[in-house]
Structure formats: C-alpha cells, structure tokens
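K.L.:
Would you be able to build a 3D model of this:
(one chain, ligands or ions: 2)
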Amino acid sequence: MGFASLGSGSRGNGTLVALGQDAPGQHDAPQRLFLVDCGFTLKQTETRLHRLGLSAGDIDAIFVTHEHADHIGGIAALAHKYAIDVYASYGTLKHELKGVVTHAVDGDVPFELDGVQVNPVRVPHDAKEPTQFVFSDSTETIGVLSDLGCVTGHVVEQFSHCTHLLLEANHDSHMLRTGSYPPRLKQRVGADYGHLSNEQAWELLQRVAHQDLSVVLGHISEQNNNLALLQREFASFTEQLGGLAFASQDDGFGWVGRRPLTRQISFANLV
Ligand SMILES: [Zn+2]
Ligand SMILES: [Zn+2]
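P.N.:
Ligands and ions are numbered 1, 2, ... in the order given. Purely as a prediction, here's the structure:
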C-alpha cells in the first residue's frame, strides 16, 4: 500500500503506514492505517491529515518510537480524542500518556496486529528505549528508521528487506561542526546516540539498497543540512533504487506506493 508523512524533522514527525488488501470496490481505502509518532498539536495533525485526504478517525493504531517531544508531543491529545490505541516500548511508555490506552511491546520481538506483521527494532539513540519499526503484509515491507545515532549490524539486518524505507539523513558533519549549535548540542547530535549524518545514512543505504526499494530521506536538519547537498550526495543511488525522495518539515511527503511505483518518484519530483 505505501507510506506518507505529515512532516519530518526536529519540530515534529508523523509517518503514515498503510498496509493490507483493499476491500473489494474500495481501492482507495487502506485496510489498515497506522501512524508512527506524532509531534504536532492536535489542530496541526488534523490539518496535515486532511491534506492527505484523511481524518484522524481513519487511523487504526499509533506507534511511538521514543519519548522525545518531536515524536511523542502530540500523541496523548490525538489518541485520547479519537480513542486510538498506542503501541510503544516499555521504556518509551515511562513517559505518561494520560487518558490513552497503551500497549507495551518488547523490542526486537515481532508481533501481528490486524493482519500486519510489526517488528519493533531497537536502535542506539539517547532515549529510554528507542525502537524503530518495520511493518509488513504479504506483499510489502515498510520501514521507519529515524533518530538513530549510528548504524549497527542489527539495524542493517532488520531493515534489509524493505520495499519502502523512511531513513534519517540528519546532518552534514562539516555543517554541524562549523555551524551555530552550542558545543554541547553539536556533541550530542554527532555522537553514537544522537542522529545519523548524511555519510552514515549513505553507508547504511549502500547496505540495504535494491531495485524494488523506495527510499525517502527524512529528519533533515534545517540548520545543518540542505537539499542540494543531499541530492548531490545521494545521486549515485538513482540507478540502485526504485525511487528516492526527500521529506520536509512542513510538508512531509505525499503517498509513496499507493499507485504502482515507478521511477517517477525520483529527483524530478523532489519536495
Ligand atoms: Zn526526532
Ligand atoms: Zn530523538
């Protein structure tokens, strides 16, 4: 089915994952719609969903990767108002979500939810128990992989068979080093429990790339990165992938994969 984004970056994240078979005669309706993270206010979330032709009532379940505000900030209000169950690791759920039905999941223990296989993957990041996710049905495997400080063999293995992948390319190391962030923040972002640099994202992608994989690079720093640089650095992947695009903070990205995926999702259609 595919994925889309409400917005991606340090001021808020939200990724929609649609999997399962269309109901007969309802080819536009995903069987299951999951939201991974929500760092936006309730009003912003409703507006951003509307932009994609959806309402919050369409969401079947919410997954939270970790307790940083750009991922969890909007969860309680949204889940409470629309009575949507929330799934996250035990560590993430130490962050209180008032008035919300929560389900703690074990990191690295796959489970099934409404016919969709959910694989919570532990990653190195400076949160209590950060867990990214791989979702799959009989035809597609959708990975959401943001906020990781370094590439581990475990992460490469778990994200190796995706058909769709949202991958963090947070910063250019030189821009981070010479930019305006305070020294302590520079240190945090660049460390092994911080965020993935462009070079690290490139190396990871080199290890998981294949012709049927559509990649969207996201969580792109507005201070320490830029689109032209990313386009140049990742240009070599256009022949190796089914598609490559970039998510933005304000617009996220539109549906990738709800129609048959071709090379049209490429540099010609960049956000
Ligand atoms: Zn984040
Ligand atoms: Zn984070």
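K.L.:
Get me the contact residues on the stretch 51-200 of the chain for ligand 1.
P.N.:
Taking CB under 5 Å from the ion as the contact definition, the stretch 51-200 of the chain meets ligand 1 at 70, 147. Heads up, the C-betas are built off the backbone N, CA and C, glycines and all.
K.L.:
Now do the helices in the stretch 51-200 of the chain.
P.N.:
69-72, 75-82, 153-158, 173-178, 183-190, 198-208 (DSSP state H, counting those that start in this stretch).
K.L.:
Same list, the ones you listed, but as TSV with distance to residue 37 and mean pLDDT please.
P.N.:
TSV is the format used below for these (distance: least, CB to CB, whole Å; pLDDT from 0 to 100):
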stretch	distance to residue 37	mean pLDDT
helix 69-72	4	98
helix 75-82	8	98
helix 153-158	18	98
helix 173-178	23	96
helix 183-190	19	96
helix 198-208	18	98
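K.L.:
I figured residue 137 was touching residue 113, is that so?
P.N.:
No: using CB atoms under 8 Å, residue 137 makes no contact with residue 113, being 11.1 Å away.
K.L.:
Sketch out the low-pLDDT regions of this protein for me.
P.N.:
Within the chain, the stretches with pLDDT under 70 are 21-30, 258-271.
K.L.:
hey, where'd the strands end up in it?
P.N.:
2-7, 14-19, 32-36, 61-63, 86-89, 102-105, 111-113, 116-122, 131-136, 141-145, 164-168, 214-218, 243-246, 253-256 (DSSP state E).
K.L.:
quick one: contacts for the residue nearest the centre of the chain?
P.N.:
Compute the mean C-alpha point of the chain, and by CA atoms, centre = their mean the closest residue is residue 144, 3.8 Å away. With contact set as CB atoms under 8 Å, 6 or more residues apart in numbering, residue 144 has these partners: 3, 15, 17, 36, 65, 132, 133, 134, 135, 166.
K.L.:
Please identify which pair of those residues lies farthest apart.
P.N.:
Greatest spatial distance in the contacts of residue 144: 3 and 65, 14.3 Å, computed using CB to CB.
K.L.:
burial of residue 161, as a residue count?
P.N.:
Counted with other CB atoms under 10 Å, the neighbours of residue 161 add up to 14.
K.L.:
so the residue nearest to it when sequence neighbours are not counted bridges to which residues?
P.N.:
Nearest residue to residue 161, sequence neighbours excluded (CB to CB, 6 or more residues apart in numbering): residue 141, at 5.6 Å. Listed beta-bridge partners, residue 141: residue 136 (assigned using DSSP bridges).
K.L.:
Tally up the residues packed near residue 141, please.
P.N.:
20.
K.L.:
Same question for the one 4 residues further on.
P.N.:
Residues near residue 145, counting by other CB under 10 Å, number 25.
K.L.:
now swap in residue 98 and tell me
P.N.:
As a burial measure, residue 98 scores 8 neighbours (other CB under 10 Å).
K.L.:
List the residues that contact the spatially closest residue to it that is not a sequence neighbour.
P.N.:
The shortest distance from residue 98 to any non-neighbouring residue, by CB to CB, 6+ apart, is to residue 76 (5.8 Å). Residue 76 sits next to 97, 98, 99, 100 when contact means CB under 8 Å, 6+ apart.
K.L.:
can you pull the contacts of the third one?
P.N.:
Going back to what we said before, that points to residue 99. Each residue near residue 99 by CB under 8 Å, 6+ apart is listed here: 76, 80.
K.L.:
if we can go back for a sec, near ligand 2, list only the ones from the contacts of residue 144.
P.N.:
Within those, nothing lies near ligand 2 by CB under 5 Å from the ion.
K.L.:
Could I get those residues in CSV, plus columns for neighbour count?
P.N.:
Converted to CSV, the contacts of residue 144 look like this (neighbours: other CB atoms under 10 Å):
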residue, neighbour count
3, 27
15, 27
17, 27
36, 25
65, 29
132, 26
133, 23
134, 22
135, 25
166, 29
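K.L.:
Disregarding flanking residues, what is the spatial nearest neighbour of the residue of the stretch 151-271 of the chain at minimum distance from ligand 2?
P.N.:
Closest approach of the stretch 151-271 of the chain to ligand 2 (CB to the ion) occurs at residue 195, with a separation of 7.5 Å. Nearest non-adjacent residue to residue 195, counting by CB to CB, 6+ apart: residue 170, 3.7 Å away.
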